[in-house]
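Participant: coords below, sequence missing:
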């Protein structure tokens with residue numbers, strides 16, 4: 001008797017009939033001189049086949065019952081989806097798929113059927129385990145509609161589909177760790193890898209088909225993140241799957257998965273390029289009334305920050321930018337591929353931001369007030385520059401890029417200052433005529449023009465915005481430095497000159513009043529339709 005039947009009474013061993021028939025099948029041919037040996041051989045063969053069928057039936061029943069008793073909890077599986085599978089933590093991710101006390105029985109039955117080359121048992125095992133895997137995925141909420149349904153999904157449904165796709169890849173990787181241990185515990189070493197491959201094959205094939213379908217329909221430029229998620233998922237799954245699926249039949253599936261990864265990377269790179277082009281083409285005519293950050297600017301910077309949150313974004317989007325070489329690190333002038341990809345990404349981002357700012361400058365021409373257009377550009381260039389400077393990922397643009405755009409912020413600020421405040425400053429520097437009568441007229445005209453300009457600036461620019469506190473204070477400081485001293489000098493120069501009997505009509509604003517307007521009211525996004533005056537030493541009040 002073979003070793004696998006020695007531990008159980010024959011009357012309770014489902015494999016005893018198979019063993020007995022096997023003994024007859026091997027013994028009778030040795031006595032071919034016996035009468036009616038052919039009939040006896042056929043009878044033994046029939047008995048042997050029935051015994052194998054009985055053994056197979058009992059094997060499937062025991063496997064099904066055991067699988068039901070040790071069903072993988074959905075909560076446990078979902079809790080492991082964020083765990084990166086490595087050689088060091090595989091044991092922590094393995095669970096019992098059948099009760100351990102059932103394994104000896106299953107192994108004995110498998111031994112008999114394997115020795116008899118009874119293949120239906122293998123088919124029954126793969127079908128049973130495939131069904132269990134599907135049930136676990138369904139109970140975990142990770143079952144996917146067929147790949148053919150992808151083209152019919154709405155954008156939000158497609159987002160959920162891709163999320164579940166990535167989760168299913170991770171779940172399958174985790175589940176196959178336990179499947180490998182079960183197959184190794186039941187089947188001979190020569191069969192276990194093949195059966196594990198058969199168990200995994202339909203699920204991986206379905207995931208491959210769905211992945212390719214997603215790439216085909218994922219054409220919106222802002223959908224690049226879904227492809228980066230897919231690429232990251234495949235990158236994390238390929239190493240453990242390659243270690244798990246060692247059978248030759250799995251090589252093609254693993255190769256297909258690696259090819260899907262390349263397809264996803266190529267599609268993501270195309271979408272990044274398309275996104276940059278869409279920014280350049282954006283033809284929205286709507287401008288913020290207060291000159292603040294344009295929605296397109298906020299969207300692009302949010303896009304880039306999210307993009308650079310992917311650790312391998314450069315390699316995914318620009319991984320094919322490495323110059324031809326034999327990969328010899330000792331070769332003179334050799335540059336690592338990741339460095340080349342990172343530099344290429346930096347160039348791509350710089351180009352995208354240039355297209356953004358060029359588009360914004362075109363949009364700024366839609367403002368009727370040139371000073372507001374300059375303020376708008378100053379705000380937006382500063383937001384881009386500040387975002388780059390404060391983001392570790394965007395720092396790949398380099399110091400020179402930052403300095404150029406800091407200069408651009410100053411240039412736009414200077415343009416605003418020139419258009420708004422320099423006319424007032426020049427007004428205060430006018431040289432008086434020699435004729436006293438003309439001096440009186442000049443002073444009346446100067447104060448009237450100054451008052452009108454201050455009130456107009458207050459009325460309009462109290463509703464404008466500089467959202468960055470430091471930039472806002474810097475602009476106000478420049479205005480006060482350039483305006484208040486000339487105004488103070490002008491007031492002092494003509495303090496004792498009686499150019500009118502009603503000086504309050506012309507000298508409406510003290511220096512402190514002008515400073516108060518600048519400090520308290522400009523660029524604060526106030527809904528203003530009236531200006532302020534200095535009345536009786538009190539704070540400025542509204543005028544009608």
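Facilitator: Cool, got the structure. Source: prediction; values computed, not measured.

Participant: where along the stretch 101-250 of the chain do the helices fall?
Facilitator: For the stretch 101-250 of the chain, the helices defined by DSSP state H, counting those that start in this stretch occupy 103-115, 120-139, 155-186, 192-217, 224-244, 248-281.

Participant: roughly how far is the third one from the heart of the chain?
Facilitator: How far helix 155-186 lies from its chain's middle: 20 Å, per CA atoms, centre = their mean, to the nearest Å.

Participant: what's near enough to touch the closest residue to residue 253 other than its chain neighbours?
Facilitator: Residue nearest to residue 253 in three dimensions, not counting chain neighbours: residue 204, with 5.1 Å by CB to CB, 6 or more residues apart in numbering. Any C-beta I mention is one placed from the backbone N, CA and C, and that applies to glycine too. Residues near residue 204 by CB atoms under 8 Å, 6 or more residues apart in numbering: 172, 241, 253, 257.

Participant: could you report the neighbour count for the third one?
Facilitator: Looking back up the chat, that one is residue 253. Using other CB atoms under 10 Å, residue 253 has 18 other residues around it.

Participant: okay, the helices of the stretch 101-250 of the chain in a markdown table with mean pLDDT next?
Facilitator: Shown next, in a markdown table, are the helices of the stretch 101-250 of the chain (pLDDT from 0 to 100):
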| stretch | mean pLDDT |
| --- | --- |
| helix 103-115 | 91 |
| helix 120-139 | 93 |
| helix 155-186 | 92 |
| helix 192-217 | 93 |
| helix 224-244 | 93 |
| helix 248-281 | 93 |
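
Participant: so which of the ones you listed is nearest residue 441?
Facilitator: helix 248-281 (54.5 Å; CB to CB).

Participant: shaky segments in this protein?
Facilitator: 1-45, 218, 320-336, 525-544 (pLDDT under 70).

Participant: distance check, residue 482 against residue 461.
Facilitator: 16 Å (CB to CB, to the nearest Å).

Participant: and residue 398, by the same measure?
Facilitator: Taking CB to CB, one finds residue 398 at 35 Å from residue 461.

Participant: neighbour count for the two, which is higher?
Facilitator: Neighbour tally, residue 398 and residue 461, criterion other CB under 10 Å: the higher count belongs to residue 461, 25 against 13.

Participant: tell me how many other residues crowd the residue nearest to that one when sequence neighbours are not counted.
Facilitator: Spatially, and ignoring its direct neighbours in sequence, residue 461 is nearest to residue 522 (5.1 Å; CB to CB, 6+ apart). Look at residue 522: counted by other CB under 10 Å, it has 22 neighbours.

Participant: quick one: residue 522 and residue 476 touch, right?
Facilitator: Yes: proximity of residue 522 to residue 476 meets the contact threshold set by CB atoms under 8 Å, at 6.6 Å.

Participant: show the contacting residues for residue 165.
Facilitator: The neighbours of residue 165, taking CB under 8 Å, 6+ apart as the test, are 144, 207, 210, 211, 214, 230, 233.

Participant: any chance of the residues you listed in TSV, plus distance to residue 409 and neighbour count?
Facilitator: Converted to TSV, these look like this (distance: CB to CB, whole Å; neighbours: other CB atoms under 10 Å):
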residue	distance to residue 409	neighbour count
144	49	19
207	49	23
210	47	24
211	44	26
214	41	24
230	39	25
233	41	22
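
Participant: return the member of those residues nearest to residue 503.
Facilitator: Of all the contacts of residue 165, residue 503 sits closest to residue 230, with 76.1 Å by CB to CB.

Participant: tell me, how many residues neighbour the residue lying closest to the closest one once chain neighbours are set aside?
Facilitator: Nearest residue to residue 230, sequence neighbours excluded (CB to CB, 6+ apart): residue 264, at 5.1 Å. Neighbourhood size, residue 264 [other CB under 10 Å]: 26.

Participant: again with residue 450
Facilitator: Residue 450, neighbours per other CB under 10 Å, totals 21.

Participant: doesn't residue 428 make contact with it?
Facilitator: Yes: Residue 450 lies in contact with residue 428 (CB under 8 Å); the separation is 7.3 Å.

Participant: would you map the strands across this structure?
Facilitator: Using DSSP state E, the strands found in the chain span residues 532-533, 541-542.

Participant: excluding its backbone neighbours, what's nearest residue 307?
Facilitator: That would be residue 313: by CB to CB, 6+ apart, it lies 5.5 Å from residue 307.

Participant: meant to ask about residue 471, not that
Facilitator: residue 382 (5.5 Å).

Participant: next, count neighbours for that neighbour.
Facilitator: Residues contacting residue 382 under the criterion other CB under 10 Å number 24.

Participant: right, and it touches residue 469 too?
Facilitator: No: look at residue 382 against residue 469 with CB under 8 Å: they stay out of range, at 11.7 Å.

Participant: list residues touching both of those two?
Facilitator: Residues touching both residue 382 and residue 469 (CB under 8 Å, 6+ apart): there are none.

Participant: roughly how far apart are residue 99 and residue 238?
Facilitator: From residue 99 over to residue 238 the distance is 33 Å, taken as CB to CB.

Participant: looking at those two, which is more packed in?
Facilitator: More neighbours surround residue 238 than the other of residue 99 and residue 238, with 16 against 12 (other CB under 10 Å).

Participant: which ones are touching the more buried one?
Facilitator: Going by CB under 8 Å, 6+ apart, residue 238 touches 254, 257, 258, 261.

Participant: can you put those in a markdown table and add distance to residue 354 and neighbour count?
Facilitator: Listed next are those as a markdown table, based on distance: CB to CB, whole Å; neighbours: other CB under 10 Å:
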| residue | distance to residue 354 | neighbour count |
| --- | --- | --- |
| 254 | 42 | 17 |
| 257 | 38 | 19 |
| 258 | 36 | 13 |
| 261 | 31 | 20 |
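
Participant: please identify which of those is nearest to residue 281.
Facilitator: For the contacts of residue 238, the nearest to residue 281 is residue 261 (30.4 Å; CB to CB).

Participant: next, count neighbours for the closest residue to that closest one other than its chain neighbours.
Facilitator: Leaving aside its chain neighbours, residue 261 sits nearest to residue 234 (4.4 Å; criterion: CB to CB, 6+ apart). Around residue 234 there are 21 other residues, counting by other CB under 10 Å.

Participant: can you tell me how far residue 234 is from residue 309?
Facilitator: Applying CB to CB, the value for residue 234 to residue 309 is 18 Å.

Participant: then residue 487?
Facilitator: As for residue 487, its distance to residue 309 is 50 Å (criterion: CB to CB).

Participant: and those two? Which one has more around it.
Facilitator: Here residue 487 and residue 309 are set side by side on neighbour count (other CB under 10 Å), and the busier one is residue 487, at 20 against 12.

Participant: might you report the residue contacts of the more buried one?
Facilitator: Residue 487 touches 428, 450, 511, 514, counting by CB under 8 Å, 6+ apart.

Participant: recalculate using a threshold of 6 Å.
Facilitator: Residue 487 makes contacts with 428, 511, as judged by CB atoms under 6 Å, 6 or more residues apart in numbering.

Participant: what residues sit buried inside stretch 353-367?
Facilitator: Buried residues in stretch 353-367, counting neighbours by 16 or more other CB atoms under 10 Å, are found at 353, 355, 356, 357, 359, 360, 363, 364, 367.
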